[in-house]
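S.K.: Return a 3D structure for these sequence lines:
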Amino acid sequence: MVIAAEVQRGMEDSSWIRRMFELGIELRQERGAENVFDLSLGNPITEPPPEFFDELRRIAASDAPGSHRYMPNAGYVKTRQAVADALIEETGLAYGANAIVMTVGAAAGLNVIIHSLCDRGDEVVILAPYFGEYFFYATNHGATPVVVGCDDDFIPNLAELESRLSARTRVVIVNSPNNPSGVMYPASFIESLARLLDAKSAEFSTEIFLVSDEPYRKILFDEQVYPFPQLAYERTLTVTSHAKDLALPGERIGYIAVHPEYAATDHGKTLLDALIFCNRVLGFVNAPAIMQHVVRQLQRVTIDTSDYRRKRDYLYGVLSAAGYQVRKPEGAFYMFPRSPVPDELELVAALQRHGVLVVPGRGFGMEGYFRISYCVEQRELEGAAPGFAAAMSELTGR
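M.R.: The predicted model follows:
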């Protein structure tokens, strides 16, 4: 075999999201773009806010010496301090620039964290429903993914989590608001999770890290208030990007933030050194210079989320009227309805026949469900609406 066996396996099990995206291209060629409604990919059509373009033009017009050279692998100190200052305002915790590592988006940040913390055979706990790439991020570095289920409201099952934690557990990844469900885990769950991780760390004489993956943290609806995990648990590592809150998915800019109290300990300083080292040796080297300059001034700027809220409300109404069981999301831009038939691949195929593309729930660790991304043009949602009703009728006779 020409390529590595592990890569071959990964390619064979590759993301359902990408498969549906590629199928959408084929269907548009066959049926015409106006007859295909692709709700599979979380690629926002929302444009960045005006402040982004203002700052980008300012940076592009500047000829300040050294603006495009290498900088410390952790990123520009001024940018890291700007991130820290914004986190101080959001959390009340005393973040400093030394607790921040700028990364090539959240995906790079997650890989840097897992590489820094996990030896081969160590365990990374993934809470279903989950973003499928977490599996590859864990196995990229020789770690073993361990999946924990959830209740009917998509809140992780703490009793099951307790039974799955072991002396080899190094990381628990929490993603809230959640991709694919749009559910925001309540503060009560976060507090219970923190108590459990504290108790298990003591029981095993290890340090279990809570990695909070937060690209949707600022996309909240209905006056929801985000419960910051680091307020409950000192071994929290925040990883996020500006892909969603500034609508910059292609610019690959994000950061890791280590809890400031942990960062001040000897273990925390060693961890930060490891994160910086791994940022370099994994080949990222540093986050893009221009984007670091730009987002330095945008830490208090977010896209207008009202458009996502309107689309959420419209889609929720369409699905409910058609007879689907669906939990109304608190954030992000996804819905995760239950399939009207046990095998959601039947539902996905029926929707395809009506020109609607969604992602099977098994791609997120939950068969019997499917994911809809509504970060699309309103006309895409309106075009898909008859297909949802038709597929329901076709499969159930309703």
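S.K.: any chance you could map the helices in this structure?
M.R.: With helices called from DSSP state H, the chain shows them at 5-12, 16-31, 50-61, 77-91, 105-117, 133-139, 158-164, 187-204, 260-263, 266-281, 289-295, 306-322, 344-353, 378-396.
S.K.: any idea of the mean pLDDT in the shortest one?
M.R.: Helix 260-263 shows a mean pLDDT of 98.
S.K.: by contact count, what packs against that helix?
M.R.: Under the contact definition 3 or more CB pairs under 8 Å, 6 or more residues apart in numbering; DSSP states H and E, helix 260-263 sits against helix 266-281. The way it works is simple: take the backbone N, C-alpha and C, and place the C-beta from them, glycine included.
S.K.: hmm, back to that, just name the most buried of the helices of the chain.
M.R.: Mean neighbour count, computed with mean count of other CB atoms under 10 Å, is highest for helix 105-117 among the helices of the chain, reaching a mean of 25.
S.K.: one step back: least confident of the helices of the chain, on average?
M.R.: Least confident of those, judged by mean pLDDT, is helix 16-31 with a mean of 73.
S.K.: Could you check the angle it makes with helix 344-353?
M.R.: 30 degrees (axes from the mean of the first three to the mean of the last three CA atoms, to 10 degrees).
S.K.: How far away from the center of its chain is helix 16-31?
M.R.: 23 Å (CA atoms, centre = their mean, to the nearest Å).
S.K.: now swap in stretch 89-99 and tell me
M.R.: Per CA atoms, centre = their mean, the centroid offset for stretch 89-99 relative to its chain is 22 Å.
S.K.: cool, and stretch 315-334?
M.R.: 20 Å.
S.K.: For the closest residue to residue 363 other than its chain neighbours, list the residues it contacts.
M.R.: Of all residues not flanking residue 363 in the chain, residue 16 sits nearest, at 3.0 Å (CB to CB, 6 or more residues apart in numbering). Taking CB atoms under 8 Å, 6 or more residues apart in numbering, we find residue 16 in contact with 132, 359, 360, 362, 363.
S.K.: Drop anything exposed from those residues.
M.R.: 132, 359, 360, 362, 363 (16 or more other CB atoms under 10 Å).
S.K.: if I pick the residue nearest to the second one when sequence neighbours are not counted, what's in contact with it?
M.R.: Yep, that's residue 359 we're talking about. With sequence-adjacent residues excluded and distances taken as CB to CB, 6+ apart, residue 359 is closest to residue 371, at 4.4 Å. Residue 371 makes contact with 40, 180, 334, 335, 336, 358, 359, 361, 363, 364, according to CB under 8 Å, 6+ apart.
S.K.: same question, residue 97
M.R.: Counting by CB under 8 Å, 6+ apart, residue 97 has contacts 77, 80, 81, 83, 84.
S.K.: Could you give the number of residues near residue 283?
M.R.: Counted with other CB atoms under 10 Å, the neighbours of residue 283 add up to 8.
S.K.: Got the phi and psi for it?
M.R.: phi 100, psi 0 (degrees, to the nearest 10).
S.K.: Against residue 104, how distant is it?
M.R.: Applying CB to CB, to the nearest Å, the value for residue 283 to residue 104 is 9 Å.
S.K.: Ok, residue 165 next?
M.R.: Distance, residue 165 to residue 104, by CB to CB: 30 Å.
S.K.: returning to what we had before: out of the contacts of residue 97, who's nearest residue 213?
M.R.: Using CB to CB, residue 83 comes nearest to residue 213 of the contacts of residue 97, at 16.3 Å.
S.K.: For that closest one, which non-adjacent residue is closest in space?
M.R.: Nearest one to residue 83, counting by CB to CB, 6+ apart, is residue 100 at 4.9 Å.
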